[in-house]
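Novice: Take this sequence and fold it.
(4 chains)
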There are 2 protein chains.
Amino acid sequence: MARIKDVAKEAGVAPSTVSLVLNHKGYVSEATREKVEAAVKKLNYVPSEVARNLSLSRTNTIGVIVPSVSHPFFAELTEELEEALFALGYKTMICSTRRKENAEQTFIDMLKRKTMDGIIMGAHSLDVSIYQGVRQPIIAFDRYINDAIPIVHCDHEAGGHLAASAFLRHDCHHIVEMVGDQAVKSPANRHHEVLAEDMREQGIPYDIFEMKWNAFGYRDFLEAARVLFECYPDVDGIIGSDVAIAACQYAAAEKGRKVPDDLRMLAYDGTGITRIGVQPVTAVRQPIAELARLAARKIVNRVNGVRDGLPWTAKPVLLEGETC
Amino acid sequence: MARIKDVAKEAGVAPSTVSLVLNHKGYVSEATREKVEAAVKKLNYVPSEVARNLSLSRTNTIGVIVPSVSHPFFAELTEELEEALFALGYKTMICSTRRKENAEQTFIDMLKRKTMDGIIMGAHSLDVSIYQGVRQPIIAFDRYINDAIPIVHCDHEAGGHLAASAFLRHDCHHIVEMVGDQAVKSPANRHHEVLAEDMREQGIPYDIFEMKWNAFGYRDFLEAARVLFECYPDVDGIIGSDVAIAACQYAAAEKGRKVPDDLRMLAYDGTGITRIGVQPVTAVRQPIAELARLAARKIVNRVNGVRDGLPWTAKPVLLEGETC
DNA sequence: TTGAAAGCGCTAACAG
DNA sequence: CTGTTAGCGCTTTCAA
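Specialist: Residues are numbered from 1 along each chain as shown, chains lettered A, B, ... in the order given. As a prediction, this is how the structure comes out:
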């Protein structure tokens, strides 16, 4: 494999000159530039990224940590982050944590080892001590980790009001919300509070149905949905994540409940899966792409020591469907 | 940031000794080991992965190229690959190509720059010349790229028979298959042939409905599904990818077609989305996890110059649902 | 069992 | 405008 030194020899110049040409830096005469380019072509030279990284002490790589890549929400998020980072000249390293032991730990260690220039954290680590001694920037996605780590997130206050308004267009008498483990600190929790308040103001009963930690597979929700219908036989409005609502649709059909006449449902997230069913789901859609672009630009700016005035949040929208 | 030299100084030994301790190599006396470990702890030393990579000329990173991370099939694939690679001590770099210009090119270039030790290629590049001069191993996933690149793939022959057998359990009179662009060379095309043959043998009319290249979003399929029902009013059996079938379910409902009595549907892939609808879809499931593990082990073996006797294919299974 | 020294391949400061 | 030189931080012979 040709190295920069070989190219230099071939072109009859110094390695540093080759470096200048390759990186379009400084002033190089047209003549030498051409000699170098010819040599590069002749030797089929491709610079080593690793050597470059060592020299510059930066890798142009950002780590993206999510609980699960295949979960619809995180799949979309990962895709958008990767695209946004790519557009900024960065590579994306991924790590899914749900089915691994100590994956956050391992990944943060990699960060410390300077494998990556920074991290976007979309998983909900419970142990906060692992962040000790990390010098590279970290940005959280819709997760509170500690006071030092800023969060990019949907405006869940608006999300809560949006959800409330969707229900209030109809004549609902009992709303139940399926929520994840409340021990996970996230700005998302705000939308429950807002929805609860809005319902209280209207005098509409509102209940919370809490899931166990890390239970967010379809099976978990289906089981929960069945229990939900037992616990609250008179429920006529359900809100939950996309997957939760998908499960509720199934459980409702089992129960013979008619949606939307007899029972209204609202998904919170609004990923693709709410669009593709036989009965598209009305949803509060998080602006995933926009948030991803924000997170990407912010982490890159931090890596480069640039302060930006970019917002930390973006507004959700109501996606009309046939369930509410 | 402490370097190995600082640790050496602190421990009163040479850098090379520290290296030995850190990598559990060679013989080091218990006494020095302890001194070194103490120094590491005291200085909060974390070795630089980049320097290590340069020295060893390997990055322990594998690139995964897919058309789209958020597409259900590739989302599952990406997740399984990442997990399998992680288990083998490798990091995963991702690149989605669908919404980018020349993304394959760019990514293969990164491979040449030794950013990654190898690549698992799940996208269907049309231009084959970009692979010129790549020295690192590449393994394709269900895609024919060129004769030098081996392919890990589902046993689509078995898949075709499985699909046929599913239809043959019932009394179908006209099967239509929705397929992607046939210009993309993939082992997957085999299942169409097999299904077609099996149908011909039984004297059952069978038609192909071909999609445009890179049209595999839900909207594309929905549009196509509507056209399909116009073109083949008497169709009573449809097979296609998971997303295609989801679209067909919707279009069928629009048409007032009753599934499964009046119309049978079979999804080919069997990802999570076939499980979560109100009417779970009968599907030929590709063994994605198993294939991912195979691909991961194979690429890692190749990186290490190890020949293995692992199979290149795995068998699909029939996933029962309510549509066929 | 440990240390000295020579890389790995590139960049950047500084002369000239 | 170009070359010299000194790193970036770790690994690995090869001696001792």
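
Novice: use CA for all of it now, contacts and neighbours both
Specialist: Fine.

Novice: correct me, but A:Glu10 touches A:Ala39?
Specialist: Yes: if you go by Cα atoms under 8 Å, A:Glu10 and A:Ala39 touch, sitting 5.8 Å apart.

Novice: Could you check which of the two is surrounded by more residues?
Specialist: A:Ala39 (20 against 16; other Cα atoms under 10 Å in any protein chain shown).

Novice: can you count the residues close to the closest residue in space to A:Gly180 that isn't next to it in sequence?
Specialist: Nearest in space to A:Gly180, with sequence neighbours left out and distances taken as Cα to Cα, 6 or more residues apart in numbering or on different chains, is A:Met211 at 4.9 Å. Neighbours of A:Met211 under the rule other Cα under 10 Å: 16.

Novice: Tell me if I'm right that A:Met211 and A:Met178 touch.
Specialist: Yes: using Cα under 8 Å, A:Met211 is in contact with A:Met178, at 7.2 Å.

Novice: near DNA strand C at all, the strand or helix carrying A:Thr17?
Specialist: Secondary structure from DSSP states H and E places A:Thr17 in helix A:15-22. Yes: Helix A:15-22 reaches DNA strand C (Cα under 7 Å from any atom of the strand) through A:15-16, A:19-20, A:22.

Novice: dump the residue contacts of the residue of the stretch 101-250 of chain A found nearest DNA strand D.
Specialist: Scanning the stretch 101-250 of chain A for the residue nearest DNA strand D gives A:Arg113, at 8.0 Å (criterion: Cα to the nearest atom of the strand). Under the criterion of Cα atoms under 8 Å, 6 or more residues apart in numbering or on different chains, the neighbours of A:Arg113 are B:46-50.

Novice: so which of those are also by chain A?
Specialist: Filtering these for proximity to chain A (criterion: Cα under 8 Å from any Cα of the partner chain) leaves B:46-50.

Novice: show me what contacts A:Gly63?
Specialist: A:92-95, A:111, A:116-120.

Novice: can you name the two of those residues that are farthest apart?
Specialist: The distance between the two most remote of the contacts of A:Gly63 (Cα to Cα) is 15.0 Å, for A:Cys95 and A:Asp117.

Novice: I'd assumed A:Ala51 was in a strand, is it?
Specialist: No: with DSSP: H, G, I helix; E, B strand; the rest coil as the criterion, A:Ala51 is assigned helix and is not in a strand.

Novice: Give the burial count for it, as a bare number.
Specialist: The number of residues near A:Ala51, taken as other Cα under 10 Å, comes to 19.

Novice: So it sits against B:Leu54, correct?
Specialist: Yes: using Cα under 8 Å, A:Ala51 makes contact with B:Leu54 at a distance of 5.9 Å.

Novice: Would you mind naming what in chain A lies close to DNA strand C?
Specialist: Going by Cα under 7 Å from any atom of the strand, the residues of chain A near DNA strand C are A:1, A:3-5, A:15-16, A:19-20, A:22-23, A:46-49, A:51-52, A:54-56.

Novice: Is it possible to mark the buried ones in the residues you listed?
Specialist: Neighbour counting by 16 or more other Cα atoms under 10 Å in any protein chain shown classes A:4, A:15, A:19, A:46-49, A:51, A:54 among the residues of chain A next to DNA strand C as buried.

Novice: Near DNA strand D, list only the ones from those residues.
Specialist: Okay, of those touching DNA strand D (Cα under 7 Å from any atom of the strand), that's A:15, A:51, A:54.

Novice: any idea which of these is the one closest to DNA strand C?
Specialist: A:Ala51 (4.2 Å).

Novice: Report pLDDT for the residue positioned nearest the centre of chain A.
Specialist: Taking Cα atoms, centre = their mean, the centroid of chain A lies closest to A:Leu77, which sits 4.0 Å from it. With respect to pLDDT, A:Leu77 scores 98.

Novice: Checking my notes, it in a helix, right?
Specialist: Yes: with three-state DSSP as the criterion, A:Leu77 is assigned to a helix.

Novice: Packing partners of the helix holding A:Thr17?
Specialist: helix A:4-11, helix A:30-43 (3 or more Cα pairs under 8 Å, 6 or more residues apart in numbering or on different chains; DSSP states H and E).

Novice: Now the ones you listed in a markdown table, please, with extra columns for mean pLDDT.
Specialist: Formatted as a markdown table, the helices and strands packed on helix A:15-22 follow (pLDDT from 0 to 100):
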| stretch | mean pLDDT |
| --- | --- |
| helix A:4-11 | 94 |
| helix A:30-43 | 93 |
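
Novice: TSV please, covering those helices and showing distance to A:Leu222.
Specialist: Output for the helices and strands packed on helix A:15-22, formatted as TSV (distance: least, Cα to Cα, whole Å):
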stretch	distance to A:Leu222
helix A:4-11	60
helix A:30-43	60
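
Novice: Pick the most deeply packed of those helices.
Specialist: Mean neighbours per residue, mean count of other Cα atoms under 10 Å in any protein chain shown, is largest over those for helix A:4-11, with a mean of 19.

Novice: From A:Leu168, how far off is A:Pro260?
Specialist: Relative to A:Leu168, A:Pro260 is positioned 14 Å away (Cα to Cα, to the nearest Å).

Novice: about what we covered before: looking at the buried ones among the residues of chain A next to DNA strand C, spot the one nearest DNA strand D.
Specialist: Among those, A:Leu54 lies closest to DNA strand D (Cα to the nearest atom of the strand), at 4.6 Å.

Novice: check which helix or strand covers the closest one.
Specialist: helix A:49-56.

Novice: coming back round to it: just the ones of the contacts of A:Gly63 in strands?
Specialist: Among the contacts of A:Gly63, DSSP state E puts A:92-95, A:118-120 in strands.

Novice: Filtering those by proximity to chain B, which remain?
Specialist: Answer for those near chain B (Cα under 8 Å from any Cα): A:92-95.

Novice: what residues does stretch A:255-268 touch?
Specialist: A:163, A:167, A:172, A:235-242, A:244-245, A:252, A:274, A:281-286, A:322-324.

Novice: Try it again at 7 Å.
Specialist: A:236-242, A:245, A:281-285, A:322-324 (Cα atoms under 7 Å, 6 or more residues apart in numbering or on different chains).

Novice: Check which residues of it are buried.
Specialist: A:257, A:259, A:263-268.

Novice: Do me a favour and get the end-to-end distance for that stretch?
Specialist: Termini of stretch A:255-268 sit 23 Å apart (Cα to Cα).

Novice: now it: mean pLDDT?
Specialist: 96.

Novice: wait, what's in contact with A:Ile149?
Specialist: Contacts of A:Ile149 (Cα under 7 Å, 6+ apart): A:138-140.

Novice: ok, which stretches of the stretch 151-300 of chain A are helices?
Specialist: Secondary structure of the stretch 151-300 of chain A, counting by DSSP state H, counting those that start in this stretch: helices at A:156-168, A:189-201, A:218-231, A:242-255, A:288-303.

Novice: Make CSV out of the ones next to DNA strand D among the buried ones among the residues of chain A next to DNA strand C and add pLDDT.
Specialist: As requested, these are exported to CSV (pLDDT from 0 to 100):
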residue, pLDDT
A:Pro15, 93
A:Ala51, 97
A:Leu54, 96
